[in-house]
Structure formats: C-alpha cells, structure tokens
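> Fold the following.
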Amino acid sequence: MAELSLSQGRLFGALYEAILYGINFILFVFLLYLFFQEKKTTFSQRLRLVALCFLFCLCTAHLALGMRGLYVAFFISDLPPDTFYLDHTQPLDLIGKGVYAAATVVADGLLIFRAYIIFSGRWQAVILPCMSLAATLGSWIALIHAYSRQARGTTLFPHHIAQLAVLSFAMSFITNVIITIMICVRIWLAMRRFKSTGISTSFYKQFLAFTVESGLIYPVVLIITGIFFALDNNGLEIVSGSNTQVLGIVPILLSLQLRFNLSAYDTTRSTRNVTVPVFNSDTDTHEGTELDGMARPPRKAIHLNPDSSQDTGTAG
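Numbers count the residues shown, from 1 in each chain. The predicted structure is shown next:
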C-alpha cells in the first residue's frame, strides 16, 4: 500500500478533526444546557465554564484554520499542496501553532486545578506541573518565533528549529504525564482506603476514574502521535492536527463526570465522612457529607446509651 503524501495526510487529518469537533460541540452544548438548568452555581463553577468556553472557541478556531489551509493549498496556492505544507512560515501555520499552544495551556491548567482540589488545596503539590506547563508554553513561543524569523517560502529549516519542534511536543507530553500520574496515584490511594472499609467500587467508576478524571486520554493520544513521528510516517498529519479537539473534549468530559457525581475520588472521600449513628457519644450533632458529595446540614445524633440520670426503676 502506498504511503500517504503530506497533503493527503493534512486532508484526512482535517476530516478527522471535523469529526472530533462534532463530538466536542455536542458535549459542549450538553454541558451548557446542564449549567443553565442549575438554580444556583458557585463562583468556581462559573469560572470553569468561562475557561471551557474559551477553550471551545480555540478548538473552533483551529478547525477553521485547518479548513482554510486546505482551501489555500488545493485551490489558491501556485505551489503543489505537498510543497505548500512544508512552508511553516505562512501566517495560517503560525496562527494554528499559537492556537494549539493556548489550548494546551487552558486544558492543562484546568487539570492542574483539579489536581489542586484533589490534593486538598495544597499548592505545593502542583508546583511541578505548573513549572512544566510554563516550560511547555515557553517552548511553543520559542518555536513560533523561530519560524516567523525565517524567510517566507522556506521549506528547509535549521536543525535547532527542528529540535524546538520536538521539544514543544515533548514538553506537552511530559506536562500531561505528570498531571495524570499525580491524579491517578491520589485516586488509587483513596480507592484503596475505600476498599478497606469492605465496600466495593464498580468497575465502571474505576474505569472513568483512571481515564477521564485523570486526563489519561490526552497522553495516550500524544503517544500515538509520537509513534507516527518516530516512524517518519505522514499519518502523523492525521492525528496531530486533531490533538486540539482532544484537548477540548477531555475537560468537558471531566466536568460532566463531576456534574453527574461519577467522580471516584469525591465518592470515596465523602463516603468516609457519611453521617452514622453515634454510639456512647455526648455530642448532640454530627456534620458530614453523603455519597453524592454534597454537604448536608448538621443532624441530631442517635444516642444508644440510656441517660443515667433518668429514672429507670419499676413501679411497685
């Protein structure tokens, strides 16, 4: 079977990205519907929705740039499409890289915020992923700047620019792996303590925990992208262009998971604090949370020991 050409890879990549954008769009509209059905929302929920709206706009812009690139390459440019796509100095390509870098920062920032919550608000726990995310952004800025300084129409670039391109994708992968491992370990420890109580967790929730809640999907996509890159296969163009849509889908899936109380971590943590009868306790109330993770008002404790001051004698 003949190998895909560069232009064919871009064409099929745009079609694949359009399919993923359709999934992204449906999930985003569903999330908006659920949000506006809520009678009361917190500031953090509204802030997260604003970030997701911005991320969705970036995903839309990236798809539009890809489609515009196809139109220019196949119908307007005097160059053959394969040669056209080798030129990384054109504005469409530079803007596309900038949009991808911005989407990476927003999506990874949302996952870092989730890790911050899972680690009980300890900012020390998210220092490393924040530093890695800053390095990722810096590498993308350096790459875009290096491309922009080359003469228009350049198709062969210096070695240091090729190294910057590899570094940019590598830093994106490293950042996501760090965040995913941190969240997975935290969830695993919580579920292990949960199982010690004798209560089992369904396979479905465990699967969601280690795929959606940890953000595992995007590192897997980057691994597939890296395999195509290592094989020097133009199939790379099919998966790499659609990575932006995956960046948009993962945080929306996480938000929907939290909205439907399917978070394994939140469930295990709140179950340990569930209100139970109080044996031999002098405390009048007990405050806690229930399985749905929502805070409940204080309740009267159930005293199972009789009051010694009460007359328990029998009538004679």
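
> I'd like the distance between Ser139 and Leu256.
31 Å (CB to CB, to the nearest Å). Every residue, glycine included, has its C-beta placed from N, CA and C.

> before we move on, what about Leu236?
Distance of Leu236 to Leu256, computed by CB to CB: 30 Å.

> quick one, which of these two is more surrounded?
More crowded of Leu236 and Leu256, by other CB atoms under 10 Å: Leu236, with 21 against 15.

> Could you pull up the contacting residues of that one?
When the contact criterion is CB atoms under 8 Å, 6 or more residues apart in numbering, the partners of Leu236 are 9, 225, 228-229.

> Nearest to Ala102 among those residues?
Nearest to Ala102 among those is Thr225, at 18.6 Å by CB to CB.

> Would you check that the closest one makes contact with Phe169?
Yes. Using CB atoms under 8 Å, Thr225 is in contact with Phe169, at 7.1 Å.

> need the helices for the stretch 51-200 of the chain, in chain order.
Along the stretch 51-200 of the chain, counting by DSSP state H, counting those that start in this stretch, helices occupy 81-86, 91-118, 127-148, 159-195.

> For the ones you listed, could you give me TSV that also reports distance to Phe210, mean pLDDT and mean neighbour count?
Output for the helices of the stretch 51-200 of the chain, formatted as TSV (distance: least, CB to CB, whole Å; pLDDT from 0 to 100; neighbours: other CB atoms under 10 Å):
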stretch	distance to Phe210	mean pLDDT	mean neighbour count
helix 81-86	37	89	19
helix 91-118	13	92	20
helix 127-148	18	93	17
helix 159-195	6	85	18
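
> I'd like to know which of those is closest to Ile252.
Closest to Ile252 of the helices of the stretch 51-200 of the chain is helix 91-118 (CB to CB; 9.8 Å).

> Can you spell out which helices and strands pack onto the closest one?
Contact here means 3 or more CB pairs under 8 Å, 6 or more residues apart in numbering; DSSP states H and E; on that basis helix 91-118 packs against helix 43-71, helix 127-148, helix 159-195, helix 243-259.

> Check the offset of the second one from the chain's centre.
Same thing as helix 127-148. Relative to the chain's own centre, helix 127-148 is displaced by 18 Å; criterion: CA atoms, centre = their mean, to the nearest Å.

> right, and the helices and strands packed on helix 91-118 - which one's nearest Leu94?
Closest to Leu94 of those, according to CB to CB: helix 127-148, at 5.7 Å.

> Identify the residues contacting the closest one?
Here helix 127-148 makes contact (CB under 8 Å, 6+ apart) with 88-89, 93-94, 97-98, 100-101, 104-105, 108-109, 112, 115, 157, 160-161, 164-165, 167-168, 171-172, 174-175, 178-179, 182.

> CA atoms only for that helix - export them in PDB, please.
This file holds the C-alpha atoms of helix 127-148, laid out as PDB (Å, rounded to 0.1, in the frame of the first residue of the first chain):
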ATOM      1  CA  ILE A 127       4.400  23.400  41.800                       C
ATOM      2  CA  LEU A 128       6.000  20.800  39.500                       C
ATOM      3  CA  PRO A 129       3.100  20.600  36.900                       C
ATOM      4  CA  CYS A 130       2.900  24.400  36.900                       C
ATOM      5  CA  MET A 131       6.600  24.700  36.200                       C
ATOM      6  CA  SER A 132       6.300  22.100  33.400                       C
ATOM      7  CA  LEU A 133       3.300  23.900  31.900                       C
ATOM      8  CA  ALA A 134       5.300  27.200  31.900                       C
ATOM      9  CA  ALA A 135       8.200  25.400  30.200                       C
ATOM     10  CA  THR A 136       5.700  24.000  27.600                       C
ATOM     11  CA  LEU A 137       4.300  27.400  26.800                       C
ATOM     12  CA  GLY A 138       7.900  28.900  26.600                       C
ATOM     13  CA  SER A 139       9.000  26.200  24.100                       C
ATOM     14  CA  TRP A 140       5.900  26.800  21.900                       C
ATOM     15  CA  ILE A 141       6.600  30.600  22.000                       C
ATOM     16  CA  ALA A 142      10.200  30.000  21.000                       C
ATOM     17  CA  LEU A 143       9.200  27.700  18.200                       C
ATOM     18  CA  ILE A 144       6.700  30.100  16.700                       C
ATOM     19  CA  HIS A 145       9.200  33.000  17.000                       C
ATOM     20  CA  ALA A 146      11.900  30.900  15.300                       C
ATOM     21  CA  TYR A 147       9.600  30.000  12.400                       C
ATOM     22  CA  SER A 148       8.500  33.600  12.000                       C
END
